[in-house]
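Engineer: Quick one, what's the 3D model for this:
(one chain, ligands or ions: 1)
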Amino acid sequence: MACSSVCYQVQSMRINQLCNSTDIIAVNGQLPGPTIDVFEGDEVVVDVINSSPYNLTIHWHGIMQLRTPWADGPSMVTQCPIQPNSSYIYRFNVTGQEGTLWWHAHSSFLRATVYGAFIIRPRKGNAYPFPMPDQEVPIVLGEWWSQNVVDVENDAVMSGQRPIQSDAYTVNGLTGQLYQCANETFTAVVQPNTTVLLRVINAALNAHLFFKVAGHNFTVVAVDACYTANYTTDTLVLAPGNSVDALIFTDAAPGSYYMAVEPHDTLSPSTVATTDDDSTATGILLYNGTSATATPAMPTMPTNFDTTTANAFYFGLRGLPAAVPSPVDVSITIELGLGQLPCDATQTSCTGKAFAAAMNGVSFRLPTQLSLLEAQFDGKPGVYTADFPDAVPPNGTAMVEGTRVRSLPYNSTVEIVLQNPVALPSENHPIHLHGFNFFVLAQGLGTFTPGNTSAYNLVDPVARNTIAVPTGGWVVIRFLANNPGYWFFHCHLDAHVPMGLGMVFAVENGTTPDSILLPPPDDLPMCRPGSKRRHV
Ligand code: C2O
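Structural biologist: Predicted coordinates:
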């Protein structure tokens, strides 16, 4: 298939990692895949050609997709997947946002290897709100399985267990030399006494990560492509889905320094027997002039369960002074739940899903026939119901399965309290909203007290697209629903999506011509070969 514009060839590729030769699915034969590097205001056109044996879609994580929901990418929410030997052109503008984001497959576990960085620079003539760095280094952190990741996911879903753990963490696709049989280590060569902007992304499927560079502090300047007040720390903390832009100054003694990555295990130690794999992925920060064979200095990493360090990072960030939309038009309290689905006598209600996750007691199921956005656009009933509950169901209510959405009036201000269970704390869920950035007004441990608005930061709240909801804690977020479309809101631990930890916001059309859902592009993939999309 020939390709216009930027071309993503998605296909199998054999690579060596951890003494194994493994077939993975990758874009353009690269791991990570190609970096998208654009200016704010640019149009991005990516022709995705699926030469892999799997159905897939690509999602541009954190891109707001103003007026282009058909390009957002979550499978069965805004499009049917691109079938093998088919293609789809994603076309959208990156207006009104700057910083580091990323892209990834949004169907099954394929994002384990189908991912890359997405960098948005200030448009020509505009500057960063921090001193111009001398050098920039994208650092995409990931997880590596020596097995086929689609099999790993299917095994987990069928058994109702957590998926088997990854075999390694990675820095720009490489495990680093502290693993046995490490093939290579990512190395960034830097000049002494310069400012380096690290664009760090957590593309791991299921692991929260700590990131440190021996001998250097970070000045955080943005998270999730939203600028922050300068925040100095020696440890970056990234939940799956998060990105952090951080400056380092290379004023240490000329030498070799490890950039080290280890997991933050957020499971409540009292409720689990097993812990995450505590191995260490490394890259190297090498001062120019130092021998590449010098032994790098190793930073002291937080321990696996160091939630204090993680929360200090998350709670300590501030945004730039911002206008927070108010007053609140829609307020929703969502409790994140994990548990057993009640099975009926014939077991049909929980086939292959003995263990489930839910928001407000509803375990989310993607539709199978038509994407939600198409169903809406084509006026096809029966694909979803618009009865997602705004409140937490009474204690002891059984989970139900459903494809339930919450409609939001165009331009309404939406406040959501995300509550992680306190009585039986489980783990930190990084909740990601498609289509918007939201302000993080408040966060804490224990149970949120309804109406406690005195805890809100309405002056300089940090903005994000993915928020780590603390184990046994809560977060309050707010966003302006100014983008018509169907927007997935889900846990970014990939294992929790098939379990049902998500829901969808349906932002209604406005009344002005520029606030009405546009028709889908002509090449939007169809679910079944031969099925007709009805264009109005
Ligand atoms: Cu980065 Cu719905 O995902």
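Engineer: Quick one: classify the closest residue to Trp474 other than its chain neighbours as helix, strand or coil.
Structural biologist: Residue nearest to Trp474 in three dimensions, not counting chain neighbours: Phe448, with 4.0 Å by C-beta to C-beta, 6 or more residues apart in numbering. In short, each C-beta sits where N, CA and C put it, glycine included. Secondary structure, DSSP: H, G, I helix; E, B strand; the rest coil: Phe448 is coil.
Engineer: Can you get me a residue count around Phe448?
Structural biologist: For Phe448, the count of nearby residues is 19 (other C-beta atoms under 10 Å).
Engineer: Identify the residues contacting it.
Structural biologist: Neighbouring residues of Phe448 by C-beta atoms under 8 Å, 6 or more residues apart in numbering: 333, 417, 419, 474, 476.
Engineer: Can you list the helices and strands that the lowest-mean-pLDDT helix or strand in the chain packs against?
Structural biologist: The least trusted helix or strand in the chain, going by mean pLDDT, DSSP states H and E, turns out to be helix 149-159, with a mean of 82. The contact analysis (3 or more C-beta pairs under 8 Å, 6 or more residues apart in numbering; DSSP states H and E) places helix 149-159 against helix 496-499.
Engineer: Determine how far the helix it packs on lies from the middle of the whole chain.
Structural biologist: In terms of C-alpha atoms, centre = their mean, to the nearest Å, the centre of helix 496-499 is set 14 Å apart from its chain centre.
Engineer: From the contact counts, what lies against that helix?
Structural biologist: helix 149-159, strand 355-359, strand 485-491.
Engineer: CA-only coordinates of the shortest one, as PDB, when you get a sec.
Structural biologist: Same thing as strand 355-359. C-alpha atoms of strand 355-359 as PDB (Å, rounded to 0.1, in the frame of the first residue of the first chain):
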ATOM      1  CA  PHE A 355     -12.700 -10.600  38.100                       C
ATOM      2  CA  ALA A 356     -14.000  -7.200  37.100                       C
ATOM      3  CA  ALA A 357     -13.400  -3.500  37.700                       C
ATOM      4  CA  ALA A 358     -16.100  -0.800  37.700                       C
ATOM      5  CA  MET A 359     -16.800   2.800  38.000                       C
END
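Engineer: as a whole number, average confidence for that strand?
Structural biologist: For strand 355-359, mean pLDDT is 88.
Engineer: as a whole number, average confidence for the helix or strand following it?
Structural biologist: Downstream of strand 355-359, the next assigned helix or strand under DSSP states H and E is strand 362-364. Averaging pLDDT along strand 362-364 yields 95.
Engineer: Does anything pack onto strand 362-364? Which helices or strands?
Structural biologist: Counting by 3+ C-beta pairs under 8 Å, 6+ apart, the packing neighbours recorded for strand 362-364 are strand 355-359, strand 400-402, strand 502-507.
Engineer: okay, the ones you listed in a markdown table with mean neighbour count next?
Structural biologist: As requested, the helices and strands packed on strand 362-364 are exported to a markdown table (neighbours: other C-beta atoms under 10 Å):
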| stretch | mean neighbour count |
| --- | --- |
| strand 355-359 | 24 |
| strand 400-402 | 17 |
| strand 502-507 | 24 |
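Engineer: Nearest to the ligand among those would be which one?
Structural biologist: Nearest to the ligand among the helices and strands packed on strand 362-364 is strand 502-507; the distance by C-beta to the nearest ligand atom comes to 8.2 Å.
Engineer: How about the secondary structure of the closest residue to the ligand within the stretch 251-400 of the chain?
Structural biologist: Of all residues in the stretch 251-400 of the chain, Leu366 sits closest to the ligand, at 11.5 Å by C-beta to the nearest ligand atom. The three-state label given to Leu366 by three-state DSSP is coil.
Engineer: which one is it nearest to, not counting chain neighbours?
Structural biologist: If you skip the residues right next to it in sequence, Leu366 has Met76 as its closest partner in space, 4.1 Å away by C-beta to C-beta, 6+ apart.
Engineer: who touches Val497 in this structure?
Structural biologist: 490-491.
Engineer: how does it look with 6 Å?
Structural biologist: By C-beta atoms under 6 Å, 6 or more residues apart in numbering, the residues touching Val497 are His490.
Engineer: residue ranges for the helices of this protein, please.
Structural biologist: Counting by DSSP state H, residue ranges of the helices within the chain are 149-159, 307-316, 372-378, 496-499.
Engineer: Is any residue of the shortest one near the ligand?
Structural biologist: What it means is helix 496-499. No: Helix 496-499 stays clear of the ligand (C-beta under 6 Å from any ligand atom), getting no nearer than 7.7 Å.
Engineer: Which pLDDT value belongs to the nearest residue to Ile477 once chain neighbours are set aside?
Structural biologist: Nearest residue to Ile477, sequence neighbours excluded (C-beta to C-beta, 6+ apart): Phe438, at 4.2 Å. The confidence metric pLDDT takes the value 98 at Phe438.
Engineer: gap between Phe438 and Ile24?
Structural biologist: 33 Å (C-beta to C-beta, to the nearest Å).
Engineer: And those two? Which one has more around it.
Structural biologist: Between Phe438 and Ile24, counting by other C-beta under 10 Å, Phe438 is the more crowded of the two (27 against 21).
Engineer: Who is that one paired with across the strands?
Structural biologist: Arg464 (DSSP bridges).
Engineer: next one: Ile25
Structural biologist: Bridge pairing for Ile25 (DSSP bridges) gives the partners Ser12.
Engineer: isn't it right next to Ser51, touching?
Structural biologist: No: the criterion here is C-beta atoms under 6 Å, and Ile25 misses it with Ser51 at 9.6 Å.
Engineer: The residue nearest to Leu366: what's it in contact with?
Structural biologist: 366-367, 371.
Engineer: one step back: buried stuff in the least confident helix or strand of the chain?
Structural biologist: 149-150, 152-154, 156-157 (16 or more other C-beta atoms under 10 Å).
Engineer: Just the CA atoms of it, as PDB, please.
Structural biologist: Coordinates of each C-alpha in helix 149-159 appear next as PDB, following Å, rounded to 0.1, in the frame of the first residue of the first chain:
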ATOM      1  CA  VAL A 149       1.700  -9.600  24.500                       C
ATOM      2  CA  VAL A 150      -1.700 -10.400  23.000                       C
ATOM      3  CA  ASP A 151      -1.400 -13.900  24.500                       C
ATOM      4  CA  VAL A 152      -0.400 -12.300  27.800                       C
ATOM      5  CA  GLU A 153      -3.600 -10.200  27.800                       C
ATOM      6  CA  ASN A 154      -5.900 -13.100  26.700                       C
ATOM      7  CA  ASP A 155      -4.500 -15.400  29.400                       C
ATOM      8  CA  ALA A 156      -5.200 -12.700  32.000                       C
ATOM      9  CA  VAL A 157      -8.700 -12.000  30.800                       C
ATOM     10  CA  MET A 158      -9.600 -15.700  30.600                       C
ATOM     11  CA  SER A 159      -8.100 -16.600  34.000                       C
END
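Engineer: The closest residue to the ligand within the stretch 301-450 of the chain: neighbouring residues, count only.
Structural biologist: Residue nearest to the ligand within the stretch 301-450 of the chain: His432 (5.1 Å; C-beta to the nearest ligand atom). Residues contacting His432 under the criterion other C-beta under 10 Å number 23.
Engineer: With the one 10 residues further on instead?
Structural biologist: Applying other C-beta under 10 Å, we find 21 residues neighbouring Ala442.
Engineer: show me what contacts the residue of the stretch 101-250 of the chain found nearest the ligand?
Structural biologist: Closest residue of the stretch 101-250 of the chain to the ligand, C-beta to the nearest ligand atom: Gly241 (5.1 Å). The contact partners of Gly241, taken as C-beta under 6 Å, 6+ apart, are 430, 432, 466, 492.
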